[in-house]
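>>> Any chance you can model this:
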Amino acid sequence: MESIVLTKQQARKIILEAAGLARKAQFGTGAEAVYQVIDHLGFVQLDTNYVVERAHHHVMAARIPDYQLEWLTDLCEDGRVFEYMTSDAGFLPMHDFRFSLPVKEAFKVHSRPFTQAEQKLMREILDQVERDGPVKVGDFENDRQEASSGWWDWRPAKVVLERLYFTGSLMISRTKAFQKIYDLPINLVPQDTDVSVPTDEEYARFVIRRTLGALGIASAKEIAWRARRVKGNLVKKQLEIMTSSKELKRVTVDDLKGPFYMLPGQKTNIQLSNDVFILSPFDVLNVFRHRLKDFFNFDYQIECFVPAPKRLYGYFSLPILAGETFIARMDAKADRKQKELIVHNLHFEAVDLDKSTIEKLIQALKAFVRFNKCRTITFTKSNKKTYLQAIRKGLSE
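Next up, the predicted model:
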């Protein structure tokens, strides 16, 4: 079957435009731009790590220069966006709600059976929510019978609430402090939302189109990741069918093992603005480590999951992108009491930076300080003293 042949540079540009990182404000500005980002990407990953501002807000701020945290909350409250665990936990456009149903069914079928005690507690919690309204974990007494054995050793009420959420009996909204509020779907899903269960073929085709819309170019393995919780899904089979019917294009990229796929309407002559973006580790661009290495020659790993003695760059290093090149990674922490962004390590990659790129990096750092509600920024360590000196000077002007 004939393939489109792309250079790595062409592929990078397609990937960046699909990710919304071809230029600043690619989706516009203001509150509506937040919805446009979520609707285009189809899924924005949520993370609770609060070393700097949380990942889902970080994703927005990287793409929307005037982003305000409450805009995402407003979209959820307006019923235009909902939170759920698909491949990972994140925010999705409400008009995709029906495609969360196969995942919920998969949780019902493949999760371990409830114990009798959990079944009883489940009925009690559902009765309480139906009778009295939404609940939080803190609304229940500590019902643990034994001492906790670790981070993921949830007490029974938390286990049941999360299972009810995974299987779709309850949905989640959030307090301003980011605590989960569990409520009935009827209270959070607008009445005109399509809640019909898609066929296996519909679900697979949805995943393929949504994933390629966000990634631009992707392998079968990367596409199937979005459907990984639905065992026996038809993603790989539908890839072949859709390619044969020319609903997809098969792509070959120079020096990379394929095949890759992209949507037929995808442009290949993309111009980048060469703006600088400080990115979240959980940004859609950074989800697949091998993809960053293959297409961008950037060997990146988030090291908060790595034992401290084995970390190379820091606990929560943030990739920094300039145009189509990753130029640095920044291990940063927001000291919210002192309103200071502390950069433990600003490590530059083996690339030469011109004056224009340094200036754009300075502006990106200033914006990142404001985004984290800080007033000052301090640097502890860097491997390029001349670059750091220019940055410090630029920040002080």
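>>> Quickly list what the most centrally placed residue in the chain is bridged to.
Centroid-nearest residue in the chain: residue 45, 2.6 Å away (criterion: Cα atoms, centre = their mean). Listed beta-bridge partners, residue 45: residue 90 (assigned using DSSP bridges).
>>> Now for it: which residues touch it?
55, 56, 59, 88, 89, 90, 282, 283, 284, 287 (Cβ atoms under 8 Å, 6 or more residues apart in numbering). Using the backbone N, CA and C atoms, a C-beta is placed for each residue, glycine as well.
>>> now swap in residue 236 and tell me
220, 224.
>>> per-residue confidence at it?
We have a pLDDT of 96 for residue 236.
>>> Assign it to helix, strand or coil.
Counting by DSSP: H, G, I helix; E, B strand; the rest coil, the backbone at residue 236 sits in helix.
>>> among the contacts of residue 45, which ones are buried?
Buried positions within the contacts of residue 45, assessed by neighbour count (16 or more other Cβ atoms under 10 Å), are 55, 56, 59, 90, 282, 283, 284, 287.
>>> distance of the fifth one from residue 180?
Pointing back at residue 282 there. 18 Å (Cβ to Cβ, to the nearest Å).
>>> again with the fourth one
Counting by Cβ to Cβ, the gap from residue 90 to residue 180 is 14 Å.
>>> what does residue 6 give?
Taken as Cβ to Cβ, the spacing of residue 6 relative to residue 180 amounts to 43 Å.
>>> What segments of this structure are helices?
With DSSP state H as the criterion, the chain has helices at 8-19, 31-41, 55-63, 70-77, 101-110, 116-132, 156-166, 185-188, 200-215, 220-225, 235-244, 289-296, 355-371, 385-396.
>>> from those helices, which stretch is densest packed?
Of the helices of the chain, the one with the most neighbours on average (mean count of other Cβ atoms under 10 Å) is helix 55-63, at a mean of 24.
>>> Show me what that helix is packed against.
When contacts are defined as 3 or more Cβ pairs under 8 Å, 6 or more residues apart in numbering; DSSP states H and E, helix 55-63 packs onto helix 31-41, strand 44-45, helix 70-77, helix 355-371.
>>> neighbouring contacts of it?
20-21, 24-27, 33-34, 37, 44-47, 49, 52-53, 67, 69, 71-72, 90-91, 277-284, 367-368, 371.
>>> How far does it sit from its chain's centre?
Mean-position distance between helix 55-63 and its chain equals 9 Å (Cα atoms, centre = their mean, to the nearest Å).
>>> Could you figure out how far that helix is turned away from helix 8-19?
110 degrees (axes from the mean of the first three to the mean of the last three Cα atoms, to 10 degrees).
>>> avg pLDDT for helix 55-63?
Across helix 55-63, pLDDT averages out at 98.
>>> Now do it and helix 31-41, the angle between them.
110 degrees.
>>> how about helix 55-63 as PDB, C-alpha atoms only?
The C-alpha trace of helix 55-63 is given here as PDB (Å, rounded to 0.1, in the frame of the first residue of the first chain):
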ATOM      1  CA  ALA A  55      -0.600  19.900  34.800                       C
ATOM      2  CA  HIS A  56      -4.000  20.500  33.200                       C
ATOM      3  CA  HIS A  57      -3.700  24.200  34.000                       C
ATOM      4  CA  HIS A  58      -0.100  24.200  32.800                       C
ATOM      5  CA  VAL A  59      -1.200  22.700  29.400                       C
ATOM      6  CA  MET A  60      -3.700  25.600  29.000                       C
ATOM      7  CA  ALA A  61      -1.300  28.300  30.100                       C
ATOM      8  CA  ALA A  62       1.300  27.100  27.500                       C
ATOM      9  CA  ARG A  63      -1.200  27.600  24.700                       C
END
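>>> how big is the angle separating that helix from helix 355-371?
Using the same axes, to 10 degrees: helix 55-63 against helix 355-371 is 140 degrees.
>>> so helix 55-63 versus helix 70-77, what angle?
Interaxial angle, helix 55-63 versus helix 70-77 (the same axes, to 10 degrees): 120 degrees.
>>> Before I go, just wanted to say thanks for your time.
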